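> model this:
(2 chains)
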Number of protein chains: 2
Amino acid sequence: MNDVERRRELGQQLRVDSIRPSAVAQSGHPTSGLSAADLMAVLLDGYLRYDFDDPENPANDRLVFSKGHASTLMYAMFRAADAISDEELLSYRQFDSIFEGHPTPRIPWVDVATGSLGQGLPLGVGIALAGKRLDRLPFRVWVLLGDSEMAEGSQWEAFEHAAHYGLDNLTAILDVNRLGQRGETMVGWDLDVYAARAQAFGWHTIEIDGHDVEAIDAAYAEATGTTGKPTVIVARTAKGKGVSAVENKDGWHGKALDDPDAAIAELGGVRNLRVEVAKPDPGEPHRFPSGQLELPTYDVGSEVATRKAYGDALAALGSGRGDVVALDGEVSNSTYADIFAKAHPERYFEMFIAEQQLVAAAVGLQVLGWRPFASSFAAFFSRAYDFVRMAAISRANICLSGSHAGVSIGEDGPSQMALEDIAAFRAVHGSTVLHPCDANQTAKLVAAMADRDGIVFLRTLRPATPVVYGPEEEFEIGGSRLLRSSDDDDVTLVAAGITVPEALKAADQLAEEGIRARVIDLYSIKPLDVETLGAAAEATGRIVTAEDHWAEGGLGDAVLAALAELDERPRVVKLAVREMPHSGKPDELLAWAGIDADSIAEAARRLVRATAAV
Amino acid sequence: MNDVERRRELGQQLRVDSIRPSAVAQSGHPTSGLSAADLMAVLLDGYLRYDFDDPENPANDRLVFSKGHASTLMYAMFRAADAISDEELLSYRQFDSIFEGHPTPRIPWVDVATGSLGQGLPLGVGIALAGKRLDRLPFRVWVLLGDSEMAEGSQWEAFEHAAHYGLDNLTAILDVNRLGQRGETMVGWDLDVYAARAQAFGWHTIEIDGHDVEAIDAAYAEATGTTGKPTVIVARTAKGKGVSAVENKDGWHGKALDDPDAAIAELGGVRNLRVEVAKPDPGEPHRFPSGQLELPTYDVGSEVATRKAYGDALAALGSGRGDVVALDGEVSNSTYADIFAKAHPERYFEMFIAEQQLVAAAVGLQVLGWRPFASSFAAFFSRAYDFVRMAAISRANICLSGSHAGVSIGEDGPSQMALEDIAAFRAVHGSTVLHPCDANQTAKLVAAMADRDGIVFLRTLRPATPVVYGPEEEFEIGGSRLLRSSDDDDVTLVAAGITVPEALKAADQLAEEGIRARVIDLYSIKPLDVETLGAAAEATGRIVTAEDHWAEGGLGDAVLAALAELDERPRVVKLAVREMPHSGKPDELLAWAGIDADSIAEAARRLVRATAAV
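Reported below is the predicted structural model:
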């Protein structure tokens, strides 16, 4: 067989192997694999440089199936590359198999989870950015896109950023099979529309017949030879290509074929071609120097915003660790990521007002082992919540810093106030949620974040708060701090962030009335210090929690969950924001929301009286 | 003064009035108003058709400030239109003022809250869609866009959908002042780039000098005369225009001016021009007929997926109520919104795979009084979480239906499983969270949703579940259902959705062992039936909650929060998903996650034994 014939045969093999697993599972998306099979055959046979025996090789190309539902096509490629057995291929979607409905990094040759559409290209931008600007290796990032997912706005964030950063190591392969899940896309087979859009966003474009292996080869050659800008290959294909029962027919998305045996016969039967996938040239990634970590320190009694301490500490961490990189969503002078940007410009990436791309880039960077810290207003991480959710499925290790939490931001009003962020980030698998109250504590936690696996979220404050901890104090993730306590406390006040100074003032007020209040700074909201909380519950039997967050899913609910199975459950009064805030001064708003010192003291007073009376 | 002179003067007045409130508040975004002042002067004086005395007039044009931080410019327009006094203008950002840092519908002439960038145009698409396809009135939607926010992917969802639906009643005014918060945008002053992108997305484009009132007038005339497609006016402007201390200078975003008096003097001083804003021609909105509501019914003992009942009930509701409209994100054959689409094609809008636009369109439609039901997989509403958050600030009344909740979806794997949706939606102000377990209950709740204010979320299941309730039973929002109870129950099982049939089976198992289990179907997770829960807590002292959701922020935490202040708090064991799921059969996954009947029975058994031993 010559190259062309072999690749045609390989395409047919990938089709057959896209169908077979779904026939066993009796579910899956075989028709979505059929449309892209020729595109993937030529890639595997001629362009992908990948050592399947060494997926950790930093010089490997990276392949992202943004249309993750076409996973059987990816697994078929693995079989053709002799990376998996036929038995493994056919274990698709079974409980004990790593070959799931959509690809995840449980598979050694998969870097990021896909399956929520419109995420593969933003993730690819992050990986390509690492290759070009950090690792400085000539690997290429290939992203297979479905046409239906081009309706996701996140795609255009990726298009713009890829061009802005000149990512000519990134090639998008757009499989225009015309049909989405429930019908035709808005664009259909009008390839020119996709090309015009991509060009307007700064990309090189190539339009081809996606079933012509010679045209595909020429397109990949042109893409790899294009410098200064990324390339998108816009390929006209047919969904279900090669199987007459389903080819270019509506109503066959996400279904096993009625007659897989007939389909396989029509495609020429099962094949056992093996591809010797080209290995990458050896290459060592660039590394930035690591030095002594010298965290910033702040004087007790001074007033510093925790967001400022974040920026100071991150810049220091960047000097201490060469693997730390930072990104921000066009608010670096508010989040203070600009301090890092000035100190380490080679390791800072401006993501502009595009929070989905911000988080996706962080996920992409960590694929190569970098430790990204991405920052924005905490409220605006809600824009990227699906990306955070998927990052957890990707087993990504990323640090996110959200500033301007809660009503304490004041005048800007509710659109800028994060009031749901603790709830949202707690409900991410394996996440960490930190909310420091002072600058020294923030600095210590920023350093700790860099060693923490999973999605690590830091919540910082806009206004300056008093420095209550000395710079010598250590703060562990999962810990808490007893700020006031005695052997005969009447009530426990649990606070974090802006409510810590309020709780301390409340304790002072209560002390004057003879009520002894224990004060816990629960800076680590997830994981949470059950021992200290449990001891306080046992000692006082009464807890008041105070948080600058909605009442649902935040600090108070985290405390309740931690204490739910104790032998004796304390009575817990939860102070939180319960009405829609508006503009005003921070102090006015804390009082209005009922989370200031007076409100905390009053709640504690009532609780002590009510339970004393029982 | 002739028209041109008057409009120039009006532009200067709007500049002065953009500065004055921020000078009083000593915060705000005056320079962002200065760039767009001429654009807004000509709009107010020549093109906006709006009855400020009657903001509810359905024939009114609609103006959306997507760059909501330029709010003082909007308030300056209100003053020029004689809608507000100078005193009101200067109350900006004060605690008691409705003139907040970013506009919200607390102001009578504001339809939607802005301040999270990239949302105004998607919202405008929804409003324009209502005008064109539902109300069928000739009003026009004007959206003022900042250039920095063009990096948000949501903008391109809006561009594509506006063109797809031929929204020639929509005009976007793009204020290209080059400068974002912390520096230049990716595009700078290259107007051609914006125009090329918009054209590639199907829009008519006009490039102008945004400070030339004659060019602005011509552009608006051209826009209003353009049919078949929306128009974007790409206007080159200078941030801080007219004030030499800040004009086109970096570092002046979001700050009050150092010397506002000098700036006002440079602009020619305070003016008191009044604009007679043109009123719209009277017009009556189109209405669809309402008929008898005949909800679908299902036989007890049959098996029906709640997502299917959603589709059936929604179609029935559409026949009963002419104000009900539906939208879906390209999965209508999975969410069963396609049943509504077939029954009421004039009131169904396909939003393709663009969940931000999906939710934004719903918010836009409800501005005109329609009752939108938007559906997708529950997991994918995480893509639009910021839009849901902002919808609450917009005081929007929208119904969202998320299907494919939890591990019970099975083989498709974690990317398609909503496991954070209850936590996320609970943490939205004024939200309602419903999670029915059977088809008849779903139908009743769908009908109830249409009368509920705020963000109303319904969580439905992929697999068929047994119909346990007769079609005659009524289900209120805020209620629950006691499925098993006696006077001497040992333990309470609280479930919702897929865990209800599991809890019933568990109760059967326990009964055989002599353990009496009360079973509560907590289908209304927010608001929640505290009375029934409290009675169960008092009666049994032991609660097991079971949910197909992460342990954080879901059903279990909602129960704990409801019981936190009782005199005697029960011990609560929370069963939930605690490890990252993968593909498998639904039953395998429910067992693996520890939320199936056996797991619930075992937890109850242990709890009874442990506490009996105490």
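> For the stretch 401-550 of chain A, just list every one of the strands.
A:432-434, A:455-459, A:464-466, A:481-484, A:491-495, A:517-521, A:524-526, A:542-550 (DSSP state E, counting those that start in this stretch).
> and those strands as CSV, adding distance to B:G283 and mean pLDDT?
Yep, even glycine has a C-beta here, placed from its N, CA and C like the rest. Formatted as CSV, the strands of the stretch 401-550 of chain A follow (distance: least, CB to CB, whole Å; pLDDT from 0 to 100):
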stretch, distance to B:G283, mean pLDDT
strand A:432-434, 51, 98
strand A:455-459, 49, 98
strand A:464-466, 54, 98
strand A:481-484, 63, 98
strand A:491-495, 55, 98
strand A:517-521, 60, 98
strand A:524-526, 53, 98
strand A:542-550, 41, 98
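> Chain B: which of those strands is closest?
strand A:542-550 (5.0 Å; CB to the nearest CB).
> quick one: contacts of stretch A:250-259?
A:19, A:22-23, A:25-32, A:69, A:179-184, A:239-240, A:243, A:245-246, A:263 (CB atoms under 8 Å, 6 or more residues apart in numbering or on different chains).
> what packs against the lengthiest helix in chain A?
Longest helix in chain A by number of residues, with DSSP state H as the criterion: helix A:3-25. Applying 3 or more CB pairs under 8 Å, 6 or more residues apart in numbering or on different chains; DSSP states H and E, we find helix A:3-25 packed against helix A:30-42, helix A:71-80, helix A:86-89, helix A:213-224, helix A:260-266.
> angle of it against helix A:213-224?
100 degrees (axes from the mean of the first three to the mean of the last three CA atoms, to 10 degrees).
> Quick check: buried residues in helix A:3-25?
A:7-25 (16 or more other CB atoms under 10 Å in any protein chain shown).
> ditto for stretch A:566-580
Buried, per 16+ other CB under 10 Å, within stretch A:566-580: A:569-577, A:580.
> Kindly report the same for stretch A:227-234.
A:229-234.
> And those, which is closest to B:V213?
A:K229 (38.7 Å; CB to CB).
> What are the phi and psi values at that closest one?
According to degrees, to the nearest 10, the main-chain angles of A:K229 amount to phi -150, psi 150.
> Local confidence estimate at it?
Here the pLDDT value assigned to A:K229 is 98.
> Against A:H204, how distant is it?
5 Å (CB to CB, to the nearest Å).
> Ok, A:P58 next?
Going from A:P58 to A:H204 by CB to CB gives 26 Å.
> Same question for A:I127.
Using CB to CB, we find A:I127 at a distance of 19 Å from A:H204.
> who's more crowded, those two?
Between A:I127 and A:H204, counted using other CB atoms under 10 Å in any protein chain shown, A:I127 has the larger neighbour count: 30 against 20.
> Kindly confirm my reading that that one forms part of a helix.
Yes: inclusion of A:I127 in a helix is indicated when DSSP: H, G, I helix; E, B strand; the rest coil is applied.
> measure it to chain B for me?
Applying CB to the nearest CB, to the nearest Å, the value for A:I127 to chain B is 19 Å.
> ok, now which ones touch the closest residue to that residue other than its chain neighbours?
Setting aside the residues directly before and after it, A:I127 is nearest to A:G364 in space (CB to CB, 6 or more residues apart in numbering or on different chains), at 4.2 Å. By CB under 8 Å, 6+ apart, the residues touching A:G364 are A:112, A:122-130.
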